[in-house]
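[1] pasting the sequence and the predicted model now:
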Amino acid sequence: MRMFISRVMTVSRVVKESDSSESYNYSYNTVQFGLEEENKMLKACVGHLQEELEKVKQAPLVVCMVKALIKNKILVKMPNGGQFLVTKLAGCPEVIAGDTVVADQRTLTILEKIPSFNEHDVEKFIMVEKPSNAEKVGGLDIQKRELHEVIELPLLMPERFKHLGILPPKGVLLHGPPGTGKTLLARSVASSTNATFIHVTASELVQKFIGEGARLVKELFTLAREKAPSIVFIDEIDAIASTRMDVGSGGDREVQRTFLQLLSEIDGFDSLSNVKIIGCTNRRDILDPALLRPGRMDRLIEVPVPTRDERKNILSIYVGLMNTKDVQYDALASITQGFTGADIKATCTEAGYNALREDCDMITQEHFINAVDKVKKTREEQSMSGEMFG
């Protein structure tokens with residue numbers, strides 16, 4: 001409105017200042033053309049705003065799943081679990097059981113068909129980056145051999161098992177203190193078999209609503225079968241597989257439902273075929289016996305604290321990536337008694353910081369010795385804190 005008034009005032013000023021009819025006509029035509037262009041722009045803006053307002057007024061559509069076709073009707077299942085017998089709009093593509101469709105919120109008339117999707121997006125559990133080979137795992141030769149027999153051989157040479165008439169174990173359980181290399185060991189096995197590696201933490205399988213965790217487990221193993229040969233690695237499996245109790249809260253019961261679905265997938269009617277399961281925990285003592293019985297995760301592999309030779313091997317892996325001078329592996333392996341692989345990695349990192357503080361170009365043996373002392377002190381403080389509050 002203000003722009004329009006400004007235009008009118010401009011016309012009046014031009015008329016007053018004009019001495020001839022020609023200049024008056026020219027100015028009038030110019031202003032009229034500008035007003036027409038401005039009117040077009042305003043109409044377009046108003047039309048766009050009206051379209052947006054109509055979108056806001058529209059009721060949201062409901063996403064549901066087709067369960068069955070009954071004569072001229074369609075049985076659909078709503079997200080809240082309700083089922084309704086509805087019809088579809090003329091022009092909507094034909095649908096079959098299992099299709100995902102959108103329906104009007106009031107009449108539930110099917111409007112269109114949309115691509116199916118997984119609510120939990122289990123594709124995110126697939127790990128793409130893996131270690132190039134198992135040699136990056138220091139020591140653990142016995143554990144590597146057992147995993148090779150249980151995981152690699154059935155995936156690489158299944159005909160040998162058929163010839164002998166035996167069924168390989170469906171899964172293994174890696175157990176041992178924290179930081180001993182259980183996760184790295186599982187990932188290296190996946191790399192050596194060129195299998196799809198699906199890594200999930202057990203706590204991610206626990207969902208808020210009833211039945212959601214069990215459905216996520218089912219979708220996870222469905223994905224594993226589709227991507228076979230595959231390895232499902234469940235880290236910290238004690239989060240859902242602890243010993244079941246007679247009493248508990250609603251959350252505990254939901255965890256138990258998720259655990260029961262896991263047991264059903266491992267040893268149910270549907271064969272896992274080329275799907276292997278690796279569980280990982282540092283609390284084997286609290287696991288439910290149903291998980292460890294024959295036919296499920298019946299092969300238990302302990303991953304202990306590394307020995308002196310294994311510590312030397314681990315040191316050679318980490319130190320080999322660093323810029324060092326005169327580092328004595330034997331001496332370092334002797335003073336790191338009781339260290340896990342994670343402790344050794346932390347020691348190497350701390351040695352690098354010691355060199356940075358002294359502005360050195362090379363990491364020396366003294367830097368490593370000081371780092372070992374600091375890591376030991378930290379371990380003692382954590383141990384004392386655990387005894388005090390545990």
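    Sure thing, it's come through.

[2] only C-alpha atoms for contact and neighbour calcs from this point on.
    Fine.

[3] how about the strands in the stretch 151-300 of the chain?
    171-175, 196-201, 230-235, 275-281, 299-302 (DSSP state E, counting those that start in this stretch).

[4] for E52, find the nearest of the ones you listed.
    strand 196-201 (42.7 Å; C-alpha to C-alpha).

[5] list the helices and strands the closest one packs on?
    Counting contacts by 3 or more C-alpha pairs under 8 Å, 6 or more residues apart in numbering; DSSP states H and E, strand 196-201 packs against strand 126-127, helix 182-193, strand 230-235.

[6] got the angle between it and strand 230-235?
    20 degrees (axes from the mean of the first three to the mean of the last three C-alpha atoms, to 10 degrees).

[7] return the distance of strand 196-201 from the chain's centre.
    For strand 196-201, the separation from the chain centroid amounts to 8 Å (computed by C-alpha atoms, centre = their mean, to the nearest Å).

[8] alpha carbons only: can I get it in CSV?
    Backbone C-alpha positions of strand 196-201 (Å, rounded to 0.1, in the frame of the first residue of the first chain) are rendered in CSV as follows:
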residue,chain,number,x,y,z
THR,A,196,29.5,-58.6,5.5
PHE,A,197,30.3,-57.5,9.0
ILE,A,198,27.3,-56.2,11.0
HIS,A,199,28.4,-54.6,14.3
VAL,A,200,25.8,-53.8,16.9
THR,A,201,26.0,-53.0,20.6
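
[9] now do it and helix 182-193, the angle between them.
    170 degrees.

[10] now strand 196-201: average pLDDT?
    Strand 196-201 shows an average pLDDT of 86 in the prediction.

[11] buried ones in the strand ranked longest in the chain?
    Under DSSP state E, the strand in the chain containing the largest number of residues is strand 62-70. Neighbour counts over strand 62-70 (16 or more other C-alpha atoms under 10 Å) mark 62-68 as buried.

[12] ok, so of those, who is nearest L185?
    M65 (41.3 Å).

[13] now that closest one. Nearest residue, chain neighbours left out?
    Residue nearest to M65 in three dimensions, not counting chain neighbours: T100, with 4.6 Å by C-alpha to C-alpha, 6 or more residues apart in numbering.

[14] could you check how far that neighbour is from C64?
    T100 sits 6 Å away from C64, going by C-alpha to C-alpha, to the nearest Å.

[15] repeat that for I301.
    45 Å.

[16] now do the helices in the stretch 251-390 of the chain.
    289-292, 308-319, 329-335, 341-357, 365-389 (DSSP state H, counting those that start in this stretch).

[17] and what of the stretch 51-200 of the chain?
    With DSSP H, counting those that start in this stretch as the criterion, the stretch 51-200 of the chain has helices spanning 141-147, 153-156, 158-164, 182-193.

[18] closest one to R225 among those helices?
    Comparing the helices of the stretch 51-200 of the chain by C-alpha to C-alpha, helix 153-156 comes nearest, at 13.1 Å.

[19] who's in contact with the closest one?
    161, 168, 193, 229, 274 (C-alpha atoms under 8 Å, 6 or more residues apart in numbering).

[20] those, buried ones only, as a PyMOL selection?
    Restricted to buried positions by 16+ other C-alpha under 10 Å, the PyMOL selection for the contacts of helix 153-156 reads:
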select buried, resi 168+193+229+274
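
[21] okay if I get the contacts of helix 153-156 as JSON lines plus distance to D238?
    Below are the contacts of helix 153-156 laid out as JSON lines (distance: C-alpha to C-alpha, whole Å):
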{"residue": "F161", "distance to D238": "31"}
{"residue": "P168", "distance to D238": "24"}
{"residue": "T193", "distance to D238": "26"}
{"residue": "P229", "distance to D238": "25"}
{"residue": "N274", "distance to D238": "25"}
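
[22] what's the closest of the contacts of helix 153-156 to I363?
    Closest to I363, out of all of the contacts of helix 153-156 and judged by C-alpha to C-alpha, is T193, at 37.0 Å.

[23] show me where the stretch 1-150 of the chain has strands.
    For the stretch 1-150 of the chain, the strands defined by DSSP E, counting those that start in this stretch occupy 62-70, 73-77, 83-86, 100-103, 110-114, 126-127.

[24] could the ones you listed go into a markdown table alongside distance to T347?
    Formatted as a markdown table, the strands of the stretch 1-150 of the chain follow (distance: least, C-alpha to C-alpha, whole Å):
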| stretch | distance to T347 |
| --- | --- |
| strand 62-70 | 54 |
| strand 73-77 | 57 |
| strand 83-86 | 60 |
| strand 100-103 | 54 |
| strand 110-114 | 54 |
| strand 126-127 | 28 |
